[in-house]
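# Got a sequence here, can you model it:
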Amino acid sequence: MANIVELHQIRKSYGEGTPVATEVLHGLDLAIAEGEFAALTGPSGSGKSTLLNIIGLLERASSGELRIDGQDTAQLNDAALTALRGRTIGFIFQFHHLLPAFTALENVMMPAIIDSGWATAKAQDQALRLLDQVGLKDALHKRPAQLSGGMQQRVAIARALSLSPRLILADEPTGNLDTHSANDIFELLESVNHTQQSACLIVTHDPRLAARCQRQIQIVDGQLLP
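Got it, this is the predicted structure:
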């Protein structure tokens with residue numbers, strides 16, 4: 001099976017060229033296969049979010065090689081990185097970052113609107129299908145303030161899937177939810193992974209959820225444990 005993510009000797013420093021330069025990732029090697037369901041765990045400050053942001057093309061590594069879907073990202077300019085990110089990666093965050101003035105349906109359609117420049121019938125059909133899939137077909141026209149935390153996270157997951165990404169990155173997607181809602185969200189991600197074969201990398205502090213993943217990747221002090 002091919003890899004959707006490949007990292008070789010990835011390093012990340014902040015404040016480079018200053019007296020307070022700090023390296024937070026120390027030469028990481030990592031591969032994530034197509035369709036894999038993996039947890040990224042580690043203590044606070046270990047580099048989890050930094051690593052996720054680099055894989056998600058939100059930050060550039062200071063050095064090393066990162067390939068996403070076979071493409072060497074170091075060779076891509078900002079516009080090409082944005083296109084690759086939008087085409088390949090879906091993001092889910094602990095805080096949903098839904099647009100408060102828009103309905104659930106409009107929020108889910110937003111990536112497609114940004115991608116094509118307008119709301120197409122295809123984008124609407126896809127958004128309706130996804131909201132039905134996440135159990136929110138009766139909440140299409142509700143705004144985020146009218147939804148519970150778990151329902152908002154379901155909208156965020158539907159939005160992340162709107163362009164059928166091959167890789168889903170989730171940063172503490174259940175950290176803001178009660179145990180029941182967290183389990184529902186995790187089961188939903190498992191279902192997406194199984195039915196769509198989207199690779200999933202989930203940052204979590206919950207050892208019970210991490211144990212349910214196919215693979216656990218541990219990072220401590222900016223280094224991956226063997």
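# Name the residues of the lengthiest helix in the chain that are buried.
Taking DSSP state H as the criterion, the chain has its longest helix at helix 179-196. For helix 179-196, the neighbour count (16 or more other Cβ atoms under 10 Å) marks Ser181, Ala182, Asp184, Ile185, Phe186, Leu188, Leu189, Val192, Asn193 as buried. Placement of C-beta: from N, CA and C, glycine included.
# and which of those is nearest Gly17?
The nearest member of the buried residues of helix 179-196 to Gly17, counting by Cβ to Cβ, is Leu189 at 39.9 Å.
# host element of the residue nearest to the closest one when sequence neighbours are not counted?
Leaving aside its chain neighbours, Leu189 sits nearest to Cys200 (5.8 Å; criterion: Cβ to Cβ, 6 or more residues apart in numbering). Per DSSP states H and E, Cys200 falls inside strand 199-203.
# where's the helix or strand containing Ile92 relative to the chain centroid, distance-wise?
Applying DSSP H and E as the criterion places Ile92 in strand 89-93. Chain-centre distance of strand 89-93: 3 Å, with Cα atoms, centre = their mean, to the nearest Å.
# what lines up beside that strand in the sheet?
Strands adjacent to strand 89-93 in the sheet, as given by DSSP bridges, are strand 167-171 (parallel).
# Could you list the residues in contact with the helix or strand bottoming out on mean pLDDT in the chain?
Across the helices and strands of the chain, mean confidence by mean pLDDT, DSSP states H and E is lowest for helix 179-196: a mean of 83. Contact with helix 179-196 is made by 35, 37, 134, 148-150, 153-154, 157, 161, 164, 168, 170, 173-174, 177, 198-200, 202, 206, 209, 212, as judged by Cβ atoms under 8 Å, 6 or more residues apart in numbering.
# Can you show me the strands along the protein?
3-14, 22-33, 37-41, 63-68, 71-72, 89-93, 167-171, 199-203, 215-220, 223-224 (DSSP state E).
# thinking again about what came up before, want to try a markdown table for the buried residues of helix 179-196, with distance to Ser44 as columns?
As requested, the buried residues of helix 179-196 are arranged in a markdown table below (distance: Cβ to Cβ, whole Å):
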| residue | distance to Ser44 |
| --- | --- |
| Ser181 | 23 |
| Ala182 | 19 |
| Asp184 | 25 |
| Ile185 | 21 |
| Phe186 | 21 |
| Leu188 | 26 |
| Leu189 | 22 |
| Val192 | 27 |
| Asn193 | 26 |
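# The residue nearest to Arg60 when sequence neighbours are not counted: neighbour count?
Spatially, and ignoring its direct neighbours in sequence, Arg60 is nearest to Ile54 (7.3 Å; Cβ to Cβ, 6+ apart). Close neighbours of Ile54, defined as other Cβ atoms under 10 Å, add up to 23.
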